[in-house]
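structural data only, the sequence is not supplied:
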């Protein structure tokens, strides 16, 4: 046998103690996946659950900004220990590169994701929330391939442009027969009919409608303020359904 | 992982591979460590030897060989090939540590010495690979 990669053995072991892994996806950039993922992890932590958050948007990480955690170098102790902010165990490449650009091609992204999954010591988690990058690219394919127990939460919106992309993602996940826990409408401004129809088309549950909320932008970097927004209240009701 | 956890992953992978390939006794494990990840080879080799489970007969008597591989890069825009040297490598401990954790972050810190592009290919010497497992 030749050229074996030892990281695969480490990935399974690192994630063994995460009871649930929830990948927040949707396909389209700018739809609020990072805001949904970060706020969901924050709300879970505030309910007393041990929550992890993995920012897999390697070239444009923002979860640390949303949760108000600045540059923080990672500590190494038989792996890497994610820093804890407001009870959320957060892993992000931003802790290693700061605000420098991380220009990565496909193979590099796959290698980096494999490395992150192999080195991060999540330990005992009730839920690991993964903030997925946009698109059906390497990160999505790698999460599907490497994290067999991942469940997917789709973030959608009534915009025709968004629905076009979300529909492709929904079809992709459906064809792979991976578990999709449902869909949330983000930045909702009224009638949810179009998103509901799309959810029905793929036999997905529409878990909630998160309102367009001006207060969210002002709450970036301030977890207390974020948790008090109407957006967070609506997401809390989604969490009620997901974590009974 | 790094050195200790990586050594553990190598051992686990070797045992799994032996089981899948009906090898009852591993005689030799050859491991290659790439310069880019700057693994501390003395700690890594020590850990590899210490972590071999003596009760696991498949691997208990395996010889473990560790070979270092120099890093080489090829710039995609201009085609220039270059090595990892003090002048092309990371500057400072934080950059070295970042690359140690995730070698792909080299693209955030290193540039082609000919054209300054961060868009280069790692031709060799990235991280840890089990080059070969021999047994009977």
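Alright, I've got the coordinates. Values in this document were obtained by computation on a predicted structure and should not be read as measured data. Residues are numbered from 1 along each chain as shown, chains lettered A, B, ... in the order given.

give the contact list for residue B:88.
B:73, B:82, B:110, B:113 (CB atoms under 8 Å, 6 or more residues apart in numbering or on different chains). To be clear about C-beta, it is placed using only N, CA and C from the backbone, and glycine gets the same treatment.

can you check residue A:130 too?
With CB under 8 Å, 6+ apart, residue A:130 has these contacts: A:21, A:22, A:23, A:24, A:37, A:53, A:54, A:56, A:143, A:147, A:150.

using the three-state scheme, assign it.
Of the three states, residue A:130 takes strand under DSSP: H, G, I helix; E, B strand; the rest coil.

now do residue A:240
helix.

give me the pLDDT for it.
Note on residue A:240: pLDDT of 96.

chain B versus that one, what's the distance?
Distance, residue A:240 to chain B, by CB to the nearest CB, to the nearest Å: 36 Å.

and the nearest residue to residue A:75 once chain neighbours are set aside, what does it touch?
For residue A:75, ignoring the flanking residues on the chain, the nearest one in space by CB to CB, 6 or more residues apart in numbering or on different chains is residue A:81 at 5.2 Å. Counting by CB under 8 Å, 6+ apart, residue A:81 touches A:74, A:75, A:121.

I'd say residue A:33 and residue A:25 touch.
Yes. Assessed by CB atoms under 8 Å, residue A:33 is found in contact with residue A:25 at 6.7 Å.

name the residues contacting each of those two.
Common contacts of residue A:33 and residue A:25, defined by CB under 8 Å, 6+ apart, comprise A:132, A:155.

rewinding a little: let me know the closest of the contacts of residue B:88 to residue A:93.
Residue A:93 lies nearest to residue B:110 out of those, by CB to CB, at 15.6 Å.

nearest residue to the closest one other than its sequence neighbours?
Residue B:110 sits nearest to residue B:88 (CB to CB, 6+ apart), 6.3 Å away.

enumerate the residues of chain A near chain B.
A:1-10, A:13, A:73-74, A:76, A:78-80, A:93, A:96-97, A:100-105, A:108-109, A:111-112, A:115-116, A:118-119 (CB under 8 Å from any CB of the partner chain).

one more time with 7 Å
Contact residues, chain A versus chain B (CB under 7 Å from any CB of the partner chain): A:1-7, A:9-10, A:73-74, A:76, A:78-80, A:93, A:96-97, A:100-104, A:108, A:111-112, A:115-116, A:118-119.
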